[in-house]
Every structure is written in C-alpha cells, then in structure tokens.
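Participant: how would this look folded up:
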Amino acid sequence: MKKNQKNLQKFGLTFVCLFVITNIYSQTTSYPIVDTGEIDFYDNSSIISAPTKSSAFYGQDATYAGNQPSYTDNGDGTVTDNVTGLMWQKEMGTKINYKSAFTKADTLTLGGYSDWRVPTIKELYSLILFTGSVRGAVAIDKFIDTNYFNQPLGDTSIGEREIDAQTWSSTQYKGVTMYNDSTIFGVNFIDGRIKGYPKYQPGSGNTIPKSMYFRMVRGNKDYGKNNFIENNDGTISDFATGLMWQKADDGQTRNWENALSYAEGLELAGHSDWRLPNAKELQSIVDYNRSPSYTQSPAIDPIFSTSSMVDPDGVAGQYPYFWTSTSHLDGVNPYNSAVYIAFGKAQGQMSGTLLDVHGAGAQRSDPKSGTASDYPTYFGPQGDVRYVYNAVRCVRNISSANSVTTNKLQNEPTISIDSTSGNCYISLHKSFQKIQIDVFDSVGKSLKQAHSSNADKFYFNLSAYQKGIYIVILTLDNSITSRKIVW
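Facilitator: Predicted coordinates for the structure are as follows:
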C-alpha cells in the first residue's frame, strides 16, 4: 500500500482520491484505458519543460492525465488492477509453449480462484508503462510496475539478450509473419513493444513449439471489447472506453511534431478538444480479428476509414503507421523516438525481402523527425521499416474532462489557466451543496485548498510555484473529479 501511495503521489494524486476516482470510473466503462505513466515532456532529442498551449510539442502524452495506474497486492500471489478490474498473477514462472499455457490457466487455483485465463493482447497491454527505457539489447527500466509484478529478463547465460523475455497473449495473428510463420501476439515489457512472434521454432516446419512467458488473468471479461457508435458527423464514439475518434484520417503523413500540432488544431463535429492519442488509447481500437492478408483490410473495425499507400516495394494495399503522443525511450538517444501502431502490415526487410515481420496490430516506434526523402529506411534484426512521416487519427474524451470523470457529474466544471500570469479559473455549471477544491504539485504536495457551499466560480494563482504539472481534485457533493493542468 505504501509503495503504491508513493508512486501515485508523483502523479500529483493521493492514493485515497485516485482509488475512489478510478473505481467509480471503472463502473461506468467496461474498457477503461490505463494511462501510460509518462509525466516527462520531450522534443525530438531531449527532455524539455512543459510546453505551453500552441507552442511546439504541446499535446504530447504528458499533457493529458488519464486513469493513472493503481494496483493492489493481495498478498496471495495475485495483484488487482484498480482501474481495469482485472486480477493478475504476480509471478510468471518459467517459459512455456502456447498450448501448455491454456492447460496451466485451466488448472490454476491461485488465490483460491479457478477462473484464470490466458490474457488477450488488449488485456496484457493494459499493464504496459512507458516510464521504461532500454539501450539496444540492455534493459534499463522495465515497461511494467516492478513494485507489483515480477518481470524476468532474458537469460544471457544461454545466449539470450536481456530483451528476450516476451510475454505472450492468447491472441493469434490473423495472418502469417516472417517466413509464413503462424504467429502469436505478445508484449515485451523489457523493450516496450507489441509484436507477433512465431508460434513454432524457426526451421521446424511448424512442429516444435516455441516457449515464452505467460501471465494469467481473471475478472472483467468485457475488457478489450469495443462498443462503437457511428455519430454520422465524421466521428465514432466508443462507449466501452469513453473515447470519441476521428472516423477517417486525412490521408496526410507528418513527422511527430506536426502530428501533435495537427491534432491540437483539429476542429471536427463541433469539438475543438481533439488530441493525438497515447499509445494505449490508439491500441484500444485495433481489431485483432482483421488483417490485410486475412480480411484484405487494416486491423480496425470497418466503421472507420483508413487511407492506403504503396509499400517500399511499390506494392499497393499497405496501410500507414499511425503516430501516438507517447515517446519511446529506446536507443543511444532515448528521446528521439515515438510510438506508432501498425494497422496494416508491420513490415521489415530480411535478407533483401520485404515481409510482414510483426503483424498488423503491432506497436513499434519511429524517429520523431527526419528528412522525408531519406525514408523509408530499415532498422534492427528484422529490418523494421521506418517511415518517420506517419498518419494521424485524433481522439477526444466523450465527456469534456481531460482526465478521470465520474458519470455523476453533469455539466462538467471548466478549468482554464493563463500560461503567462499563472491565474487559474474554475467555473461550475450547476449547484452543489458541498464543494472542496484541492491543488497538488507533481510530487503530491498539497498546495491549496478551498471550501464553499454556494460559490460557482473559484480562482487561484500558481505564479509563486515553478512551471510544471499540477493536479486539481474537485469534490462536488459526493462525486470526485480530477484535472491535470500545466503551468
């Protein structure tokens, strides 16, 4: 509990407030997206101070707070995710093959429960945190909360790299990768990626099963299932996640900085609060039952429209990679890459041949900037295609909040901040019997508190404090909502 509280306080929220908020929110959505954990800001090559609105690099992952990660160690070998309602194995044990994983899940009675299952790729990806970093084949910080989960490294004594510690899901790729390999999707919590991995040992003729790590899950069987509604105004709502999406990308590709700027400037369907989705938000709309080779379509529900392109071999029918707002700390310069999701083939060039090496629905990363004429290039042992100029599909919250909001709040509070003076204004658009407003800095220190029984407007000033991220917690009668503000 104390470790959890300490971790949450660095996001500017006390454990009590966050626990209440996330649990209320989880009751209103079947598929709440857990935040990536990113709180630092980056340009193309370094950590920077928080960008102000309309400035370069505004709108990246750390600008917006979502459902902050919150876990409970149950003391019986299980860990509960307080946001998703999923319960997880704390330990994974040794690597096993795909078939054996289902046998293990069916016979597992950990914590006195017998309804364990092999997680889907969307369930598994809910655990990833982009506070991790890696330098080539050497792990620095893992992409999972190691205060709660045991995540082994690859065994270097037998020739593995540290990053050879992938965790498999139950999701099989609707297609083949590499050299016509049957493929299973997994998350690498060591290097921060989703890839499709061969189900069988290469060269065995699909006869010798390959082994990976598995972490079993139980609870919330609706997690990862979308509930899309066509709004007939160029937008799609997903009432499972509480997110609204741009129905069609605009057919243009951009570097990361320009992708952020485009999303922040978008006005669509009467809304101007669009943003570039973070990695976990964008992955939530992947349809892993679809792929270019299986359904002749991108891996997304056909309610969406997706532009097409020709691949580096000049073959039509490929789909662009889509940028996210999340930086991926990997490489010699850990700040120069950002996450993308491949809704089409996640291609790579191996032995001079262009292949679908990781499957539609993979999550990898590209350099944030570069000269367009220099790309595509190929990178890594599977020759991942790097485009750098990628597509954009914008997102906004269905409610007007930029963070967790309870469904009991009607006519959401408006919070605005003057980036020059530090003046922050809060307007309430309905009456409440009891009002309490708490302001925290990024390490959880309480700065200000206000109480009222009638007022509908509040004001405070942050000019005495250094610029950065602040969290405002509003207790309105029996409801709680939070906002992240950047001064």
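Participant: can we go C-alpha only for contacts and neighbour counts from here?
Facilitator: Will do.
Participant: which residues touch L110?
Facilitator: Applying Cα atoms under 8 Å, 6 or more residues apart in numbering, one finds that L110 lies in contact with D76, G77, T78, Q89.
Participant: Not counting residues beside it along the chain, what's closest to the last one?
Facilitator: I take that to be Q89. Nearest residue to Q89, sequence neighbours excluded (Cα to Cα, 6 or more residues apart in numbering): T78, at 4.9 Å.
Participant: shouldn't Y459 be in contact with G422?
Facilitator: No - in this structure Y459 lies outside contact range of G422 using Cα atoms under 8 Å: 10.5 Å.
Participant: ok, the two, which is more surrounded?
Facilitator: Comparing Y459 with G422 by neighbour count (other Cα atoms under 10 Å), the higher total belongs to G422, at 18 against 13.
Participant: would Y340 count as being in a strand?
Facilitator: Yes - inclusion of Y340 in a strand is indicated when DSSP: H, G, I helix; E, B strand; the rest coil is applied.
Participant: ok now do it, which residues does it touch?
Facilitator: The neighbourhood of Y340, defined by Cα under 8 Å, 6+ apart, consists of A279, Y321, F322, W323, T324, Q363, R364, S365, D366.
Participant: What is the burial count for M350?
Facilitator: Using other Cα under 10 Å as the criterion, M350 is surrounded by 18 other residues.
Participant: try T324
Facilitator: The number of residues packed near T324 is 30, by other Cα under 10 Å.
Participant: Stretch 291-310: end-to-end distance?
Facilitator: Its start and end residues considered, stretch 291-310 measures 16 Å (Cα to Cα, to the nearest Å).
Participant: typo on my end, it should be stretch 290-304
Facilitator: With Cα to Cα applied, stretch 290-304 spans 13 Å between its terminal residues.
Participant: Any idea how far it is from the middle of the chain?
Facilitator: 21 Å (Cα atoms, centre = their mean, to the nearest Å).
Participant: Pull out the buried positions in it.
Facilitator: By neighbour count with 16 or more other Cα atoms under 10 Å, stretch 290-304 contains the buried residues R290, S291, P292, S293, S297, P298, A299, I300, D301, F304.
Participant: Show me where the stretch 1-150 of the chain dips below the pLDDT cut-off.
Facilitator: Counting by pLDDT under 70, the stretch 1-150 of the chain shows low-confidence ranges at 1-28.
Participant: Just the helices from it, written as ranges.
Facilitator: Assigned helices in the stretch 1-150 of the chain, in chain order: 2-9, 15-28, 98-107, 121-125 (criterion: DSSP state H, counting those that start in this stretch).
Participant: nearest spatial neighbour of Q347, skipping sequence neighbours?
Facilitator: Spatially, and ignoring its direct neighbours in sequence, Q347 is nearest to D356 (4.3 Å; Cα to Cα, 6+ apart).
Participant: Let me see the contact set for the one you found.
Facilitator: Neighbouring residues of D356 by Cα under 8 Å, 6+ apart: V176, T177, M178, K345, A346, Q347, G348.
Participant: out of those residues, which are inside strands?
Facilitator: Where the contacts of D356 overlap with strands, as defined by DSSP state E, the overlap consists of V176, T177, Q347, G348.
Participant: could the residues you listed go into CSV alongside pLDDT?
Facilitator: Listed next are the ones in strands among the contacts of D356 as CSV, based on pLDDT from 0 to 100:
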residue, pLDDT
V176, 91
T177, 93
Q347, 96
G348, 96
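Participant: Nearest to I473, out of the residues you listed: which one, please.
Facilitator: Checking the ones in strands among the contacts of D356 against I473 with Cα to Cα, the nearest one is Q347 at 44.4 Å.
Participant: Could you report the separation of the closest one from N44?
Facilitator: Taken as Cα to Cα, the spacing of Q347 relative to N44 amounts to 24 Å.
Participant: Based on its surroundings, how many neighbours for T131?
Facilitator: Applying other Cα under 10 Å, we find 19 residues neighbouring T131.
Participant: swap that for N333, sorry
Facilitator: Counted by other Cα under 10 Å, the residues lying close to N333 total 12.
Participant: Give the burial count for the closest residue in space to it that isn't next to it in sequence, as a bare number.
Facilitator: Leaving aside its chain neighbours, N333 sits nearest to S45 (6.9 Å; criterion: Cα to Cα, 6+ apart). The burial metric for S45, expressed as a neighbour count using other Cα under 10 Å, is 14.
Participant: that older thread, so can I have JSON lines of the contacts of L110 showing neighbour count?
Facilitator: Putting the contacts of L110 into JSON lines (neighbours: other Cα atoms under 10 Å) gives the following:
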{"residue": "D76", "neighbour count": "11"}
{"residue": "G77", "neighbour count": "14"}
{"residue": "T78", "neighbour count": "20"}
{"residue": "Q89", "neighbour count": "22"}
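Participant: Closest one of the residues you listed to L428?
Facilitator: When these are compared for distance to L428 (Cα to Cα), T78 wins out at 41.1 Å.
Participant: how about the closest one, what does it touch?
Facilitator: T78 sits in contact with M87, W88, Q89, K90, L110, G111, where contact means Cα under 8 Å, 6+ apart.
Participant: Could you do D191 as well?
Facilitator: When contacts are counted by Cα under 8 Å, 6+ apart, D191 is found next to G132, S133, V134, A139, K142, F143, I163, D330.
Participant: can you list those residues in CSV and add distance to V385 and neighbour count?
Facilitator: Converted to CSV, those look like this (distance: Cα to Cα, whole Å; neighbours: other Cα atoms under 10 Å):
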residue, distance to V385, neighbour count
G132, 23, 22
S133, 21, 22
V134, 20, 22
A139, 23, 20
K142, 25, 23
F143, 23, 25
I163, 20, 22
D330, 16, 23
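Participant: Make TSV from these and add distance to M216 to it.
Facilitator: As requested, those are arranged in TSV below (distance: Cα to Cα, whole Å):
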residue	distance to M216
G132	22
S133	25
V134	25
A139	24
K142	19
F143	18
I163	21
D330	28
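Participant: now, among the residues you listed, which is nearest to T103?
Facilitator: Of all the contacts of D191, the one sitting nearest T103 is I163; the distance, using Cα to Cα, is 26.2 Å.
Participant: Quick one: residues in contact with the host helix or strand of I236.
Facilitator: The secondary structure element spanning I236 is strand 235-238 (assigned by DSSP states H and E). Here strand 235-238 makes contact (Cα under 8 Å, 6+ apart) with 226-231, 243-247, 268-269, 303-304, 398.
Participant: From those residues, keep the buried residues only.
Facilitator: By neighbour count, with 16+ other Cα under 10 Å, these hold N226, F228, L243, M244, W245, Q246, K247, F304 as buried.
Participant: Could you pick out which of those are located in strands?
Facilitator: Residues from those lying in strands, with DSSP E as the criterion: F228, L243, M244, W245, Q246.
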